[in-house]
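Peer 1: turn this into a model:
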Amino acid sequence: MRALAIREKALGAEHPDVAQSLNNLAALCYNQGKYGEAEPLFWQALAIRERALGAEHPDVAQSLNNLASLYYNQGKYAEAEPLLARALAISEKVLGAEHPLVATVLGNYSSLLRATDKESEAEKLEIGERRFEY
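Peer 2: As a prediction, this is how the structure comes out:
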């Protein structure tokens with residue numbers, strides 16, 4: 001929280017480094033099982049990143065993946081799926097199919113599809129037959 005306060009004061013509330021501090025704080029809350037505290041912090045980090053960096057920046061994809069993971073772990077699959085679809089589309093477009101972030105999002109998305117009894121969609125996604133649009 002201190003790092004967040006310092007960055008906000010020094011850089012302004014809309015700076016990407018402020019978003020990173022918010023993301024880090026959200027991740028801490030998430031890892032402690034404080035999902036209600038983590039969620040608004042993840043959303044705030046995402047909003048700042050979208051405004052400061054643009055809607056198709058890799059950091060936006062990372063924020064979307066983080067939010068989706070939070071929802072997935074709460075069993076909120078319907079909320080997680082569009083976030084993962086968007087994160088995958090952004091990361092593949094900007095970073096290329098072989099980037100580690102793409103692999104992370106792809107793995108998370110496949111897990112979600114399997115958890116929602118969409119095995120064939122997960123398999124198609126993993127072999128690259130189909131890509132989801134957001």
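
Peer 1: can you tell me the SS state at the nearest residue to Glu81 once chain neighbours are set aside?
Peer 2: In this structure, Glu81 finds its nearest non-sequential neighbour in Leu112, 6.0 Å apart by CB to CB, 6 or more residues apart in numbering. For every residue, glycine as well, the C-beta is placed using N, CA and C. In three-state terms, and counting by DSSP: H, G, I helix; E, B strand; the rest coil, Leu112 is helix.

Peer 1: right, and Leu112 touches Tyr77 too?
Peer 2: Yes - Leu112 lies in contact with Tyr77 (CB atoms under 8 Å); the separation is 6.0 Å.

Peer 1: so for those two, which residue has more residues nearby?
Peer 2: Taking neighbours as other CB atoms under 10 Å, Leu112 and Tyr77 compare with Leu112 leading, 22 against 16.

Peer 1: ok, residues contacting the helix or strand harbouring Ser91?
Peer 2: Assignment of secondary structure by DSSP states H and E places Ser91 within helix 77-95. With contacts defined as CB atoms under 8 Å, 6 or more residues apart in numbering, helix 77-95 is touched by 55-58, 60-62, 64-65, 67-69, 71-72, 99, 101-102, 105-106, 108-109, 112, 115-116, 131-134.

Peer 1: show me those that map onto helices.
Peer 2: Using DSSP state H, 58, 60-62, 64-65, 67-69, 71-72, 101-102, 105-106, 108-109, 112, 115 are the members of those that sit in helices.

Peer 1: filter those residues to the buried ones?
Peer 2: Buried members of those, scored by 16 or more other CB atoms under 10 Å, are 58, 60-62, 64-65, 67-69, 71-72, 101-102, 105-106, 108-109, 112.

Peer 1: elements contacting whichever strand or helix holds Asn23?
Peer 2: Element membership of Asn23, judged by DSSP H and E, is helix 16-31. Judged by 3 or more CB pairs under 8 Å, 6 or more residues apart in numbering; DSSP states H and E, helix 16-31 is in contact with helix 2-11, helix 35-53, helix 58-73.

Peer 1: lovely, talk soon.
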